[in-house]
Structures are given as C-alpha cells and as structure tokens.
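A.B. asks: pasting the structure only:
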C-alpha cells in the first residue's frame, strides 16, 4: 500500500535518514523502535506527508505523493492519513465529540453528519459517557482514545502513531495497546507506530529497528491480538 524508496533527510550537516526503503502493507501493524536520535519520528513524519524528504519517493497505491504541491498534499492527508501523537492534542475548548468531528468537517462533511460519525466512533471506543466532556474532564486514557477516534474519523488508509502510550501509566498503556489491536481486527486498519514501549511490539506484525538514520533490522513476528474491552 505504501512504499518509501531511498528516503534521505538532513538538517544542515546532520544526516537524519540515510537511504531508507520500506514497504507497508494493508491491514498491517508495524512498530518502529530504536534509540533516541535514530530517525524514527522523522521517518514517520515523511511517510505521513508531514515533512518532505531531501531525496527519494513516498508512494501510496502507486501514486507518488512526495511530488504533490502543498494544497494537493493537504487534501490527500486529510482523506487518507490519520495521526496519533504522544500527547493527545485535543483542543481544550471543545468536547470530545467536537474534537473528533473537526477533521471530517474540514474535509467537507456537514457538522450534523460529522458529529453523528464522531459519536459512533466514541461509542465503539467505550467513550459513550464522555462525548460531551472537555479534555480536562477526562482521564489520560480517555483522552488518548478520543484522539484515536479523531484519527479514524475520515476512514484513513493508514494511521501513524508517534509514542501513543508514552505519556500514560501502565494500565492505560495496556488499554491503548488493546484498542489498536482491536481496531485492526474490526476495521482492517493499518498502523505504523513509533514506540519505546516494548509491550507494543506484542501486537505488531513487523518490528523495524533503526539506528543512526538507517533500518538495521526487520523482524516478522506472530501477532498476539488482545481483544478490546470497555
């Protein structure tokens, strides 16, 4: 589904990515691990169209998005890609349902339909009782589940997650890990996850290890799916 071909990226004299190639399949969970400074987040941002490579290609279903202009790339990103970050980045003045609905409204869906769809996603993720709560009124795990619902609202082909459990305690880490595994089973969703959480690899199909701006190993593993429970 996604191909990264000979990706390089530098900031001044610092080479962050060096000739990276990676294929990402549909309905796959990939975790990217490695020490700080290995280039994991930069690779995620380039694969997710948030940053441009200095050279190389980013290809989605045969289409080279790295050649798109900014407007076309923004439209493509809104339709096809979801993001989850370490900190939920929910807007504090809006309710959970409003936060989830925003990307759909930006994409052209009416407010009524966007709110209905957001409500359904929050129900699916066990947040029926939190739809009208603002982020400050929710727990860390609840906020991150709302952020996952927001990433799903436009039915993206792939969700990129940067340390999605990094700011959570062990109970909430387990909960978010189970949510991600369940979504792949329910929706056929593809996830690419940068993580320092060793337990996150238990739900992955492949573990990509990076160091010094390069992929140094790819390990295919048997995926141990945990069912999501409210």
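C.D. replies: In hand now; what should we look at? Being a predicted model, the structure only gives us computed values, none of them experimental. Numbers count the residues shown, from 1 in each chain.
A.B. asks: where are the low-confidence patches of the chain?
C.D. replies: 167, 222-230 (pLDDT under 70).
A.B. asks: the helices in it, which residues?
C.D. replies: Remark: helices assigned in the chain by DSSP state H are 40-47, 70-80, 96-106, 111-124, 140-152, 170-187.
A.B. asks: Against which helices or strands is the fifth one packed?
C.D. replies: The reference is to helix 140-152. For helix 140-152, the elements it packs on are strand 81-84, helix 96-106, helix 111-124, strand 158-162, helix 170-187, judged by 3 or more CB pairs under 8 Å, 6 or more residues apart in numbering; DSSP states H and E. To be clear about C-beta, it is placed using only N, CA and C from the backbone, and glycine gets the same treatment.
A.B. asks: at 7 Å what do you get?
C.D. replies: Of the remaining helices and strands, those touching helix 140-152 by 3 or more CB pairs under 7 Å, 6 or more residues apart in numbering; DSSP states H and E are strand 81-84, helix 96-106, helix 111-124, helix 170-187.
A.B. asks: circling back to that earlier point, for the helices of the chain, give me a markdown table that also has mean neighbour count and distance to residue 206.
C.D. replies: Output for the helices of the chain, formatted as a markdown table (neighbours: other CB atoms under 10 Å; distance: least, CB to CB, whole Å):
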| stretch | mean neighbour count | distance to residue 206 |
| --- | --- | --- |
| helix 40-47 | 23 | 14 |
| helix 70-80 | 14 | 21 |
| helix 96-106 | 22 | 28 |
| helix 111-124 | 18 | 26 |
| helix 140-152 | 24 | 20 |
| helix 170-187 | 18 | 13 |
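A.B. asks: need the ones you listed in a markdown table with distance to residue 21, can you?
C.D. replies: Output for the helices of the chain, formatted as a markdown table (distance: least, CB to CB, whole Å):
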| stretch | distance to residue 21 |
| --- | --- |
| helix 40-47 | 11 |
| helix 70-80 | 21 |
| helix 96-106 | 30 |
| helix 111-124 | 34 |
| helix 140-152 | 26 |
| helix 170-187 | 24 |
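A.B. asks: ok, residue 96 to residue 201 distance?
C.D. replies: From residue 96 across to residue 201, the span is 29 Å (CB to CB, to the nearest Å).
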